[in-house]
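S.K.: here is my input; please provide its structure:
(one chain, ligands or ions: 2)
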Amino acid sequence: MADVRIERITKQFGQAIAVNDLSLHVRDHEFVSLLGPSGCGKTTTMRCVAGLERPDAGQIFIGERDVTTLLPRDRDVALVFQSYALYPHMTTRNNIGYPLRLRGMDKPKRDAAVEETAMMFGIDELLERFPRQLSGGQQQRVALSRAVVRQPRAFLMDEPLSNIDALLRVTMRAELKRLQQQLGITTIFVTHDQVEALTLSDRIVVMEFGTVQQVGKPLEIYRQPANLFVARFVGSPPMNFFEGELRSEAGETVFVSDMLRVPVVAPRHAPANRVTLGVRPESLTVESAPSDGATRAKIALLEPLGYETIVHATIGSDVVRSRVADGEDLAVDQDVWLRIGSELLFDTQSGVLLS
Ligand SMILES: Nc1ncnc2c1ncn2[C@@H]1O[C@H](COP(=O)(O)OP(=O)(O)OP(=O)(O)O)[C@@H](O)[C@H]1O
Ligand SMILES: [Mg+2]
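M.R.: Ligands and ions are numbered 1, 2, ... in the order given. Next comes the predicted model:
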């Protein structure tokens with residue numbers, strides 16, 4: 001096992017810069033997710049670490065070794081991709097045992113290792129079946145078992161759960177987490193599913209345009225997004241944003257926009273420009289009667305989810321979203337009053353978090 005250090009790598013395809021001067025240190029035993037929209041360079045970064053792409057600049061270290069120019073097979077990392085690429089003519093047993101056979105391990109030892117791993121993934125009953133006789137989720141478990149059985153120095157997983165149905169995905173997610181805790185193998189995990197990233201990771205790397213926007217623990221990313229991009233990308237339903245300015249009134253700092261007047265905690269660095277107030281849907285309370293400091297709104301849409309209801313309300317021409325635990329008494333077109341519990345302030349122009 002080992003840490004993985006990516007130092008200032010850049011990868012270009014023609015004119016397009018897929019990865020732009022990206023650095024990242026994944027510690028030994030750590031589970032790190034690369035999260036970002038389609039095309040932001042997640043797969044390319046991963047392929048560079050695996051040795052399937054050669055970066056135009058920068059270096060990659062696995063443990064103490066500079067692997068930048070090594071062939072994939074000399075890096076001792078295990079890859080699991082979205083399409084699991086099992087060998088169709090091999091049974092589960094032989095698929096999982098294949099990397100061990102390549103290494104020259106004898107059959108009894110190989111079988112023992114395969115059976116132990118298969119047990120861990122709950123596929124020990126399926127060892128004599130061929131891939132075509134397995135469901136998508138079972139095939140994915142075989143692919144993961146094949147990666148695990150080698151005890152690689154690091155795992156690289158590129159959206160390994162994206163081809164399986166929603167229910168199984170949730171099960172596999174928990175299984176992956178348990179596995180990672182049990183084995184402690186350094187893992188880089190690519191996803192554009194924020195729930196996956198938040199639930200699985202020790203740390204999350206949020207990317208845009210081939211660059212790192214923020215690296216942090218899941219709750220840091222959620223609670224203290226470094227900029228508007230991260231704030232918009234993480235959280236569902238997304239954070240609500242209001243554009244306005246800060247004013248000093250009677251010793252208090254107040255955020256003022258066309259529709260809102262909210263006392264806020266003064267940011268350390270007072271901005272010269274306009275500011276954007278960000279409020280998570282769970283920090284926006286819906287009240288049915290007016291009171292001091294609450295803003296009038298009208299309910300436009302209700303989305304009951306069972307455990308909560310997402311309330312879409314209009315303030316002037318803005319639509320805001322709130323999550324409420326109990327939405328039974330609310331109705332569309334009803335007038336309500338919204339109260340902001342906690343907020344974040346961003347510099348509108350640069351997007352940087354101010355508070
Ligand atoms: N072999 C290639 N040739 C040309 N352009 C490429 C190649 N591979 C990737 N790109 C481009 O590089 C950029 C980053 O692609 P990459 O596959 O790394 O994105 P991603 O973050 O994995 O996206 P997704 O979430 O859709 O998988 C994209 O603009 C893509 O079109
Ligand atoms: Mg990709």
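S.K.: return the backbone torsion pair for E308.
M.R.: According to degrees, to the nearest 10, the main-chain angles of E308 amount to phi -160, psi 170.
S.K.: what's near enough to touch it?
M.R.: When the contact criterion is C-beta atoms under 8 Å, 6 or more residues apart in numbering, the partners of E308 are R323, V324, A325, G327. In this view, the C-beta of every residue, glycine as well, is placed from N, C-alpha and C.
S.K.: and if we set it to 10 Å?
M.R.: Applying C-beta atoms under 10 Å, 6 or more residues apart in numbering, one finds that E308 lies in contact with P281, E282, S322, R323, V324, A325, D326, G327.
S.K.: so T199 makes contact with M172?
M.R.: No: here T199 lies out of contact with M172, judged by C-beta atoms under 10 Å, at a distance of 11.6 Å.
S.K.: the two: which is more packed in?
M.R.: Using other C-beta atoms under 10 Å, the more surrounded residue of T199 and M172 is M172, with 20 against 15.
S.K.: just for this protein, where's the confidence low?
M.R.: 1, 83-84 (pLDDT under 70).
S.K.: outline the domain layout of it.
M.R.: 4-233, 240-347 (automatic domain parsing).
S.K.: a markdown table for the ones you listed, including distance to L353?
M.R.: Rendered in a markdown table, the data for these read as follows (distance: least, C-beta to C-beta, whole Å):
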| stretch | distance to L353 |
| --- | --- |
| domain 4-233 | 6 |
| domain 240-347 | 6 |
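S.K.: out of those, deepest packed?
M.R.: domain 4-233 (a mean of 18; mean count of other C-beta atoms under 10 Å).
S.K.: start to end distance for it?
M.R.: In terms of C-alpha to C-alpha, to the nearest Å, the two terminal residues of domain 4-233 are separated by 26 Å.
S.K.: stretch 148-163 too?
M.R.: Terminal residues of stretch 148-163 are spaced 19 Å apart (C-alpha to C-alpha).
S.K.: and for stretch 40-55?
M.R.: From its first residue to its last, stretch 40-55 covers 16 Å (C-alpha to C-alpha).
S.K.: need the residue closest to the centroid of this structure.
M.R.: Centre of the chain computed as the mean C-alpha position; nearest residue by C-alpha atoms, centre = their mean is A197, 2.9 Å away.
S.K.: hmm, the strand or helix carrying that residue touching ligand 1?
M.R.: Secondary-structure assignment from DSSP states H and E places A197 in helix 194-200. No: applying C-beta under 6 Å from any ligand atom, one finds helix 194-200 separated from ligand 1 by no less than 12.4 Å.
S.K.: name the strands paired with the helix or strand that that helix is followed by and say parallel or antiparallel.
M.R.: Toward the C-terminus, helix 194-200 is succeeded by strand 203-208 as the next helix or strand (DSSP H and E). When pairing is defined by DSSP bridges, strand 203-208 lines up against strand 31-35 (parallel), strand 211-216 (antiparallel).
S.K.: A118 looks like it's in a strand, true?
M.R.: No: with DSSP: H, G, I helix; E, B strand; the rest coil as the criterion, A118 is assigned helix and is not in a strand.
S.K.: distance check, the spatially closest residue to it that is not a sequence neighbour against ligand 1.
M.R.: In this structure, A118 finds its nearest non-sequential neighbour in D124, 4.3 Å apart by C-beta to C-beta, 6 or more residues apart in numbering. When distance is defined by C-beta to the nearest ligand atom, to the nearest Å, D124 is 33 Å away from ligand 1.
S.K.: now E196
M.R.: Distance from E196 to ligand 1, counting by C-beta to the nearest ligand atom: 12 Å.
S.K.: and what about S291, helix, strand or coil?
M.R.: Three states are possible here, and by three-state DSSP the one that applies to S291 is coil.
S.K.: isn't it right up against V336?
M.R.: No: in this structure S291 lies outside contact range of V336 using C-beta under 10 Å: 11.5 Å.
S.K.: any idea which residue of the chain is furthest from its center?
M.R.: Within the chain, A250 marks the point farthest from the mean C-alpha position, 42.5 Å out by C-alpha atoms, centre = their mean.
S.K.: tell me how far it lies from ligand 1.
M.R.: According to C-beta to the nearest ligand atom, A250 stands 49 Å off from ligand 1.
S.K.: got it, and D335?
M.R.: Remark: distance between D335 and ligand 1 (C-beta to the nearest ligand atom) = 42 Å.
S.K.: next one: the helix or strand encompassing A174 to chain centre, how far?
M.R.: With secondary structure defined by DSSP H and E, A174 is part of helix 166-183. Taking C-alpha atoms, centre = their mean, to the nearest Å, one finds the center of helix 166-183 at 15 Å from the center of the full chain.
S.K.: check which helices and strands that helix is in contact with.
M.R.: strand 31-35, helix 107-120, helix 136-149, strand 154-158, strand 187-191, helix 194-200 (3 or more C-beta pairs under 10 Å, 6 or more residues apart in numbering; DSSP states H and E).
S.K.: quick one: closest of those to T92.
M.R.: Proximity to T92 (C-beta to C-beta) singles out helix 136-149 among those, at 5.3 Å.
S.K.: give me every residue that touches G210.
M.R.: Taking C-beta under 10 Å, 6+ apart, we find G210 in contact with 9-12, 16-22, 36, 39-42, 44-45.
S.K.: just those: which are in helices?
M.R.: Cross-referencing the contacts of G210 with the helices (criterion: DSSP state H) gives K42, T44, T45 as the overlap.
S.K.: the second one and R54 touch, don't they?
M.R.: So the one you mean is T44. No: T44 sits out of contact with R54 when judged by C-beta under 10 Å, with a separation of 11.2 Å.
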